[in-house]
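Output the structure for:
(chains A and B)
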Amino acid sequence: MLKDSLKERIASKFKEDNFDILTPPDEKLGDYSINLAFILAKKNKTAPMKLGEEIVKTLSTDKEISKRFSSVTLVAPGFINFFIKKEFLQEELKGIYKDRDSYGRSKIGRGETVIVEYCGTNIAKPMHVGHLRSTIIGDGLANVYKTLGYNVIRWNYIGDWGTQFGKLIAAYKIWGDKDILKKDPMGTMLDLYVKFHQELKLSPELESKGQEEFRKLENGDPENRKLWEMFRDYSMADTDKMLEILGVSFDVVKGESAYEKVLSKTINSIENAGILKESEGAQIIELENLPPALIRKSDGATLYITRDIASLRDRIKSYKPSKILYVVANQQTLHFEQLFAVAKLLGLDQSELIHVKFGMVLGEDGKKLATREGKIIELQELSDKIIDLAKERVKEKNSSLGDKEISVIGKTVGIGALKYNDLKQHPYSDIVFNWDAMLDFSGNSAAYLQYTYVRLLNILMKVKDKKKGDSSLLNSLEEERIMKRILLFPESIKKCADLNSLNSLALYLYELANDANRFYESTRIIEDKDINLRNARLMMIDTVCGVLKNGLKILGINVLNRI
RNA sequence: GCGCCCAUAGCUCAACGGAUAGAGCGUAUCCCUGCGAAGGAUGAGAUUGUGGUUCAAUUCCACAUGGGCGCACCA
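The predicted model follows:
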């Protein structure tokens, strides 16, 4: 890109590459700025303003630079602006336009594998808003890495093993009923789980009963095994239904229980590495600057981290990934710090291990939603509600649509809103769940982006005799703004991978749509008598549509032809 | 007690150490006999506090204040 060649040119001229080229927020100020003057001023102990003037003088007489930039000016101490010549701006735009299938695609990840673990469904618990963040962020990141040319393994690491199932089995044995369970499996299992924790407060001996049932399960007790399988099958059927609505699918669905058989081998390998210690009857690994990791309980049962170590071995051996992303909530930060530390001790650190953390979804009162207390917002309820509302909206805004169309559009708009609402925010912060904001289809929302796409597409469809346009005819402020924004698309995707977050892409798309809407309102396109200008504008709109469509696709959101 | 994360407008959120701190909701005023008003335009409105580093701090560091999460037999 022009920016890179500019940087190279300046670096060779001043023998200094420790400076930045910035893209200013307001195009009236210029196209690119550098802060070279300050750095040189400091080194030479000269006044930045004076040195800046000298730099401007030198650069304006540089042939290569004056060919590409119409002017070089000093706007503030240290800030030198370069105004790109129109022909070069358009040349860059054409490059992107010509190669439209590879928007944002680069060779960054060619040939390398990245495993993205996300979703993390739990058996016996319905999917709730907590799973939603992991699922949406994980799926979006997987799309980003795919776009950057990585080979991506999407992995749903199911929470299907552990003491909680002992508790569920215990609860089922005491209060359970096969017929009631069959009628409403998820509701019944949740009730049992909640009831168990309520009763636990009154009779603490239940705790050991739950642990005992899990130990039996882990030792292959046939009755418990059968119950566990039944719970698992009900849960997976429910999960699959929900994932289909969300439009998310996985390459690997493999949970903790899959490592059940290799756990003793895993523990042996830890012992062979000489890092396994006895402590208070349990087996632990001591870590530097961290609390010890508990590998085996005093009753012999294994723990979460034991299974995660086994899984990590499996992942590295089977896929040789260059990165493994764990898209898991903030609360588990310590667990992953411990896991990564253990991995290092065991020599399992060939892959870059990253915990992509995100904040909690809080209830409307700003308080924590706790499954144990039955205080959850179920995903099913949420998606039903949002899709219904979207349908209602579609009907109200566009009465000419048939029922079938309304249903499809409602689903796309509703699920889009659900996803975008999450992705536009910085992942670290907790989200206070708010129905009104969630169901607001105006402003910075997925519907706004989908609406913009439809509006622009409408123009393209109305013109029958369009021909390839000449983008050098596009001179207005609104048009230049859009063209510059289009050029930034690849960067915004790369930033997502650098930060392991998607809000920069969401923000980028919103800003592009905003520019496009401003242009739309300010300029009539179809009836323009100047056919060449019209064609140039159509070409630009076509490009914007492509960026919106591809960008939203990365976020896991679909576009529509009508809305 | 120790560790990690967070603090920006009335509310919900943005801002690779960079220029005049951006949006949405709400609010005030305006724009459909004009390619779809789920839109556009114009306002009012903000960096928790005190120091430090830097040419430049919402951003980095220290302390204070206020929240959240976690800290051995849960996941």
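
Show the model's pLDDT score for the closest residue in space to A:Thr306 that isn't next to it in sequence.
In space, not counting the residues next to it along the chain, A:Thr306 is nearest to A:Ile295; the distance is 5.2 Å by CB to CB, 6 or more residues apart in numbering. C-beta here means a position set from N, CA and C on the backbone, and glycine is covered the same way. With respect to pLDDT, A:Ile295 scores 95.

what's the helix or strand A:Ile295 falls within packed up against?
Under the criterion DSSP states H and E, the helix or strand holding A:Ile295 is strand A:290-296. In terms of contact count using 3 or more CB pairs under 8 Å, 6 or more residues apart in numbering; DSSP states H and E, strand A:290-296 is assigned the packing partners helix A:263-272, strand A:276-279, strand A:282-287, helix A:304-319, helix A:333-345.

repeat that with 7 Å
Applying 3 or more CB pairs under 7 Å, 6 or more residues apart in numbering; DSSP states H and E, we find strand A:290-296 packed against helix A:263-272, strand A:282-287, helix A:304-319, helix A:333-345.

Pick the most deeply packed of these.
Neighbour counts averaged per stretch over the helices and strands packed on strand A:290-296 are highest for helix A:304-319, at a mean of 20; criterion: mean count of other CB atoms under 10 Å.

what is the orientation angle of that one with strand A:282-287?
Interaxial angle, helix A:304-319 versus strand A:282-287 (axes from the mean of the first three to the mean of the last three CA atoms, to 10 degrees): 70 degrees.

ok so, going back, list the buried residues of the strand holding A:Ile295.
Using 16 or more other CB atoms under 10 Å as the burial criterion, the residues of strand A:290-296 that qualify are A:293-296.

do stretch A:383-392 as well
Result for stretch A:383-392 [16+ other CB under 10 Å]: buried residues A:383, A:385-387, A:389-391.

JSON lines please, covering the residues you listed and showing pLDDT, distance to A:Ala41 and secondary structure.
What follows is these, written out as JSON lines (pLDDT from 0 to 100; distance: CB to CB, whole Å; DSSP: H, G, I helix; E, B strand; the rest coil):
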{"residue": "A:Ser383", "pLDDT": "91", "distance to A:Ala41": "58", "secondary structure": "helix"}
{"residue": "A:Lys385", "pLDDT": "89", "distance to A:Ala41": "60", "secondary structure": "helix"}
{"residue": "A:Ile386", "pLDDT": "90", "distance to A:Ala41": "56", "secondary structure": "helix"}
{"residue": "A:Ile387", "pLDDT": "93", "distance to A:Ala41": "59", "secondary structure": "helix"}
{"residue": "A:Leu389", "pLDDT": "90", "distance to A:Ala41": "58", "secondary structure": "helix"}
{"residue": "A:Ala390", "pLDDT": "92", "distance to A:Ala41": "57", "secondary structure": "helix"}
{"residue": "A:Lys391", "pLDDT": "92", "distance to A:Ala41": "62", "secondary structure": "helix"}
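
and of these, the nearest to RNA strand B?
Minimum separation from RNA strand B among the buried residues of stretch A:383-392 (CB to the nearest atom of the strand) is found for A:Ala390, which lies at 6.3 Å.

The closest one contacts A:Gly416, doesn't it?
No - if you go by CB atoms under 7 Å, A:Ala390 and A:Gly416 don't touch, sitting 8.6 Å apart.

Low-confidence stretches in chain A?
Scanning chain A for pLDDT under 70 picks out the ranges A:1, A:23-30, A:90, A:92-107, A:364-367, A:369-375.

quick one, strands of the stretch 401-550 of chain A?
Taking DSSP state E, counting those that start in this stretch as the test, the strands found in the stretch 401-550 of chain A are A:431-432.

residue in the stretch 51-200 of chain A nearest to RNA strand B?
Nearest to RNA strand B, among the residues of the stretch 51-200 of chain A, is A:Gly162, at 2.4 Å (CB to the nearest atom of the strand).

what sits against that residue?
Listed by CB atoms under 7 Å, 6 or more residues apart in numbering, the contact set of A:Gly162 reads A:214, A:256, A:304.

cool, and A:Ile541?
Residues in contact with A:Ile541 (CB under 7 Å, 6+ apart) are A:456, A:459-460.

check the residues you listed against RNA strand B, which are close?
Among the contacts of A:Ile541, the residues within reach of RNA strand B (CB under 7 Å from any atom of the strand) are A:Ile459.

Filter the contacts of A:Ile541 down to the buried ones, ChimeraX style.
Selecting only the buried members of the contacts of A:Ile541 in ChimeraX, with burial defined as 16+ other CB under 10 Å, works like this:
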select /A:456,459
